[in-house]
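A.B. asks: curious how this folds, go ahead:
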Amino acid sequence: MVVLVTDMEKGGLRRWSNNRYMDLKGKIEDVLLKYFEGPQIQWVPVCTDGTNITKPIEKQVCSWYDGPHLFDLLEGLPLAGQNEEGELRVLIFE
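C.D. replies: Numbers count the residues shown, from 1 in each chain. Next up is the predicted model:
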């Protein structure tokens, strides 16, 4: 499971801070772990302007995050087998 931690550009002095990231992550991590067992949860900090989505975040903006940006992470995930009898899933983008 991949979880995006959004609004990292907000927070005034806490902008892109590790403390802000951990606060936001902590608010939902317990709930996710309660209902979703199994695969590891991967957390990616992003902001609404696209930062850390299509290209890595610059170290001068966020020195503490050294993980992949969203697209690299998604490209590296293993593909699940197709179930011809399974439910239809359709992605919709606006």
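A.B. asks: let's verify residue 23: helix, strand, or coil?
C.D. replies: Secondary structure assignment for residue 23 (DSSP: H, G, I helix; E, B strand; the rest coil): helix.
A.B. asks: ignore what I typed, I meant residue 3.
C.D. replies: Assignment for residue 3 (three-state DSSP): strand.
A.B. asks: can you tell me the closest non-neighbouring residue to it?
C.D. replies: Computed as C-beta to C-beta, 6 or more residues apart in numbering, the closest residue to residue 3 that is not its neighbour in sequence is residue 43, at 5.3 Å. (C-beta placed from N, C-alpha, C; glycine too.)
A.B. asks: SS state for the one you found?
C.D. replies: Going by three-state DSSP: residue 43 is strand.
A.B. asks: and if you look at the one 4 residues further on?
C.D. replies: Residue 47 falls in the coil class when you classify it by three-state DSSP.
A.B. asks: burial measure for it, as a count.
C.D. replies: Residues contacting residue 47 under the criterion other C-beta atoms under 10 Å number 20.
A.B. asks: show the pLDDT at it.
C.D. replies: As predicted, residue 47 sits at a pLDDT of 85.
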